[in-house]
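Undergrad: structure for the following, please:
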Amino acid sequence: MTNMVPYNRYGRGLRRSFPFEDLFDDFFTSPLVSAPTDSSFKMDVEDAGDAYVISAHLAGVTRDEIDVELNEGRLSITVDKKETEEDKGKNYLHKETHEWTATRGVYLKDAATDGLSAKLENGVLVVNVPKQEEKTNVTKIAID
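TA: Have a look, this model is predicted:
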């Protein structure tokens with residue numbers, strides 16, 4: 001049992017003489033959309049018919065540390081979590097909280113700029129983005 005190696009690591013163990021191969025393997029096998037990292041936050045996007053409901057799980061974050069923007073259909077939620085002056089003066093033996101910054105975004109092609117609302121309650125930020133009638137920007141051109 002001690003000689004067992006997970007299949008995805010087996011080939012890497014055989015190729016240790018070529019250090020740059022791992023770089024190319026990681027580049028070509030990595031997903032196009034990355035999952036949130038440990039220093040990020042989880043976000044759910046729901047299509048509720050006439051609006052989008054975005055829920056961001058932000059435990060321990062205050063309203064002052066959150067920035068929400070809608071720019072040409074792209075909704076961005078940025079968190080800049082900082083240590084308070086009160087925490088800096090304490091003599092910790094072990095501390096698992098830290099300062100971090102994270103931004104998550106989603107493109108909502110038919111998002112309206114009127115009627116936006118956001119509410120932070122129990123560590124969950126809920127943003128309501130109403131939909132607008134989708135405008136077509138297609139112009140037919142006659143061929144001579």
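Undergrad: just want the phi and psi numbers for residue 65.
TA: Dihedral angles of residue 65 (phi, psi; degrees, to the nearest 10) stand at phi -100, psi 0.
Undergrad: so who does it touch?
TA: Contact analysis of residue 65 by CB atoms under 8 Å, 6 or more residues apart in numbering lists 79-82. Yep, even glycine has a C-beta here, placed from its N, CA and C like the rest.
Undergrad: what subset of the residues you listed is buried?
TA: The neighbour-count test (16 or more other CB atoms under 10 Å) marks 79, 81 as buried among these.
Undergrad: return the closest of the contacts of residue 65 with respect to residue 96.
TA: Closest approach to residue 96 among the contacts of residue 65 (CB to CB): residue 81, at 13.3 Å.
Undergrad: would JSON lines of the contacts of residue 65 with distance to residue 50, pLDDT and secondary structure be doable?
TA: As requested, these are exported to JSON lines (distance: CB to CB, whole Å; pLDDT from 0 to 100; DSSP: H, G, I helix; E, B strand; the rest coil):
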{"residue": "79", "distance to residue 50": "28", "pLDDT": "95", "secondary structure": "strand"}
{"residue": "80", "distance to residue 50": "32", "pLDDT": "93", "secondary structure": "strand"}
{"residue": "81", "distance to residue 50": "33", "pLDDT": "88", "secondary structure": "strand"}
{"residue": "82", "distance to residue 50": "37", "pLDDT": "83", "secondary structure": "coil"}
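Undergrad: among the contacts of residue 65, which two are most distant?
TA: Checking those against each other with CB to CB, the farthest-apart pair comes out as 79 and 82, at 10.2 Å.
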